[in-house]
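S.K.: Whatever this is, show me its structure:
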Amino acid sequence: MKNRTATATPATGASIVVVGLGNVGSQLVDHIGRMAGVARVVLVDRDVYEPANLRSQRITARDVGKPKAEAQRRILRALNPSLDVCAVVDDVANVPPGELRASVIVGCLDSLEARLALNDRAWRVGVPWIDGGVEPEQQLVRVNGYRPGPENPCLECALDETDYSNLASLHPCQPRGNTPAPTNGSTSIGALAAALLAVECEKILAGDFERSLINRQVVLDVSHHQHYLTSFRRNPRCRFDHAGWQLAPLRGLAPTDSLADLLAAARRAAHGNGSTNLTIEYHPLVRTLHCPGCGCGVERVQLSGRGTLRCPRCHARELIATGFTTVDPIDASSPACVLRRSLRAVGLRPGDVVRVCTGKKRENRFVIENELL
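M.R.: Numbering: from 1, shown residues only. Down below sits the predicted model:
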């Protein structure tokens with residue numbers, strides 16, 4: 001009899017982030033709820049369940065009309081009451097990077113834009129991630145694995161100019177991009193993808209990277225009972241810089257503290273003696289929001305992408321930030337109306353990452369870890 005390598009057991013206290021709770025993600029939740037060693041789960045999806053989702057996603061009629069993340073949180077807590085489950089009803093591009101720090105991230109997304117955003121953030125915070133998807137018409141299931149590192153391949157390493165040219169462009173003067181068309185996959189093909197993702201999760205949680213799909217892709221052709229395994233290599237011409245962040249905690253802030261207080265706390269944490277400025281990663285501060293319909297402008301100091309406000313004139317569109325009204329970076333010379341603004345009012349969240357620049361171009365990054373915000 002041949003010797004077999006015993007499957008390692010996941011360490012206790014593991015955490016998983018699931019981004020996308022549609023056909024694949026909703027069925028993955030069932031596996032995660034029964035997964036050994038998992039203590040915390042973060043569920044991310046900006047959408048709500050619709051009646052049409054009943055035929056392809058793991059939900060019931062009571063979940064229709066509810067945010068997907070909150071509905072799956074209820075399902076997961078009923079399945080495993082001991083789990084710490086956090087529901088984030090938002091686009092992955094708007095989730096604070098610190099909230100994505102986990103043992104593994106699983107992407108069940110249906111657009112390249114969202115997958116690129118997740119790849120970027122997983123690399124920055126140094127978390128391995130698995131990307132899964134289905135192609136219903138050809139009955140294909142795909143799972144990729146990535147592990148952040150300067151020489152490891154990322155999602156963008158496999159892209160070419162055609163992929164980038166096909167990306168939908170979202171300009172500052174436009175409203176949010178359109179929701180991708182539904183995949184219309186069956187529950188069976190979605191469940192197969194979810195099961196493969198769960199298996200890969202268990203390998204990574206157990207530290208079994210050698211047998212996992214890290215740096216590889218598997219495609220199952222269900223129609224012809226075939227599978228294809230491909231290895232990835234780092235593309236030297238990849239557009240992504242493959243850089244990770246060194247994050248230190250920034251504590252002691254209250255929601256009523258001002259941006260001036262944040263600047264002072266960041267200066268102390270960075271041991272800066274001279275001029276200091278800061279930027280919130282991914283979310284520049286803006287002073288004015290505009291209506292993309294009638295052009296109405298409203299003075300409002302907030303982080304880009306945080307908070308929504310309807311046009312007070314036409315009431316038809318959400319106000320958006322443009323590239324001409326940013327206050328970035330923030331420093332002691334920023335307008336008083338900006339520095340007085342409270343952290344709660346601008347939309348700062350726990351897990352947001354602050355980039356601090358002090359003298360001689362020194363850069364430090366801190367993650368906001370105050371639960372009060």
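S.K.: by contact count, what packs against the helix or strand where residue 72 lies?
M.R.: Per DSSP states H and E: residue 72 is located in helix 68-79. The elements that helix 68-79 packs onto, with contact taken as 3 or more Cβ pairs under 8 Å, 6 or more residues apart in numbering; DSSP states H and E, are helix 23-32, strand 38-44, strand 84-88. C-beta coordinates here come from the backbone N, C-alpha and C atoms, glycine included.
S.K.: ok, residues contacting the longest one?
M.R.: Under the criterion Cβ atoms under 8 Å, 6 or more residues apart in numbering, residues 16, 18-19, 21, 38, 41, 43, 45, 56-59, 68, 72, 75-76, 79, 106, 108, 132-134, 183, 185, 187, 189-191, 193-195, 197-198, 201 lie in contact with helix 23-32.
S.K.: gap between it and the chain center?
M.R.: Centroid separation for helix 23-32 versus its chain: 17 Å, with Cα atoms, centre = their mean, to the nearest Å.
S.K.: now the angle between strand 84-88 and it, please.
M.R.: Between the axis of helix 23-32 and that of strand 84-88 there is an angle of 170 degrees, by axes from the mean of the first three to the mean of the last three Cα atoms, to 10 degrees.
S.K.: model confidence over helix 23-32, on average?
M.R.: What helix 23-32 shows for mean pLDDT is 96.
S.K.: Kindly report the same for the shortest one.
M.R.: Average pLDDT, strand 84-88: 96.
S.K.: pLDDT of the helix holding residue 72, averaged?
M.R.: Mean predicted confidence for helix 68-79 is 96.
S.K.: Report the buried residues of it.
M.R.: 68, 69, 70, 71, 72, 73, 75, 76, 77 (16 or more other Cβ atoms under 10 Å).
S.K.: Repeat that for stretch 202-213.
M.R.: 202, 203, 204, 205, 206, 208, 212, 213.
S.K.: Likewise for stretch 267-275?
M.R.: Residues 267, 269, 270, 272 are the ones in stretch 267-275 that count as buried (16+ other Cβ under 10 Å).
S.K.: for the first one, helix, strand, or coil?
M.R.: Recorded secondary structure, residue 267: helix (DSSP: H, G, I helix; E, B strand; the rest coil).
S.K.: Distance-wise, check it relative to residue 333.
M.R.: 14 Å (Cβ to Cβ, to the nearest Å).
S.K.: Tell me which entries of the contacts of helix 23-32 lie within strands.
M.R.: Those of those mapping onto strands are 16, 18, 19, 38, 41, 43, 106, 132, 133, 134, per DSSP state E.
S.K.: Would you list the buried entries among the residues you listed?
M.R.: By neighbour count, with 16+ other Cβ under 10 Å, the ones in strands among the contacts of helix 23-32 hold 16, 18, 19, 38, 41, 43, 106, 132, 133, 134 as buried.
S.K.: Residue 18 is in contact with the fifth one, correct?
M.R.: When you say that, I think you mean residue 41. Yes - Residue 41 lies in contact with residue 18 (Cβ atoms under 8 Å); the separation is 6.8 Å.
S.K.: okay, the angle between the helix holding residue 72 and strand 38-44?
M.R.: Using the same axes, to 10 degrees: helix 68-79 against strand 38-44 is 160 degrees.
S.K.: can you give me how far helix 68-79 is from the chain middle?
M.R.: For helix 68-79, the distance to the chain centre is 19 Å (Cα atoms, centre = their mean).
S.K.: Same question for stretch 213-220.
M.R.: Using Cα atoms, centre = their mean, the offset of stretch 213-220 from its chain centre is 21 Å.
S.K.: Restricting to C-alpha, output it in PDB.
M.R.: This file holds the C-alpha atoms of stretch 213-220, laid out as PDB (Å, rounded to 0.1, in the frame of the first residue of the first chain):
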ATOM      1  CA  LEU A 213      -3.900  26.000  -6.100                       C
ATOM      2  CA  ILE A 214      -1.600  28.800  -5.100                       C
ATOM      3  CA  ASN A 215       0.000  30.100  -8.300                       C
ATOM      4  CA  ARG A 216      -2.200  27.800 -10.300                       C
ATOM      5  CA  GLN A 217      -5.600  27.500 -11.900                       C
ATOM      6  CA  VAL A 218      -7.900  24.600 -12.400                       C
ATOM      7  CA  VAL A 219     -10.800  24.600 -14.900                       C
ATOM      8  CA  LEU A 220     -13.400  21.800 -14.900                       C
END
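S.K.: buried residues in it?
M.R.: Buried-residue list, stretch 213-220, by 16+ other Cβ under 10 Å: 213, 214, 215, 217, 218, 219, 220.
S.K.: Nearest to residue 121 among these?
M.R.: Taking Cβ to Cβ as the measure, residue 121 lies nearest residue 214 of those, at 17.7 Å.
S.K.: Mind listing the strands the lowest-mean-pLDDT helix or strand in the chain pairs with, and their directions?
M.R.: Least confident helix or strand of the chain, by mean pLDDT, DSSP states H and E, is strand 320-321 with a mean of 73. Counting by DSSP bridges, the strands paired with strand 320-321 are strand 285-290 (antiparallel).
S.K.: all helices of the stretch 151-300 of the chain, in order?
M.R.: Per DSSP state H, counting those that start in this stretch, the stretch 151-300 of the chain carries helices over the ranges 161-165, 187-205, 259-269.
S.K.: If residue 320 is in a bridge, with which residues?
M.R.: Counting by DSSP bridges, residue 320 forms beta bridges with residue 290.
S.K.: Please tell me I have it right and it contacts residue 292.
M.R.: Yes - counting by Cβ under 8 Å, residue 320 touches residue 292, with 5.9 Å between them.
S.K.: Rebuild the buried residues of helix 68-79 as JSON lines, extending it with distance to residue 329.
M.R.: Shown next, in JSON lines, are the buried residues of helix 68-79 (distance: Cβ to Cβ, whole Å):
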{"residue": "68", "distance to residue 329": "35"}
{"residue": "69", "distance to residue 329": "32"}
{"residue": "70", "distance to residue 329": "35"}
{"residue": "71", "distance to residue 329": "39"}
{"residue": "72", "distance to residue 329": "37"}
{"residue": "73", "distance to residue 329": "36"}
{"residue": "75", "distance to residue 329": "42"}
{"residue": "76", "distance to residue 329": "39"}
{"residue": "77", "distance to residue 329": "41"}
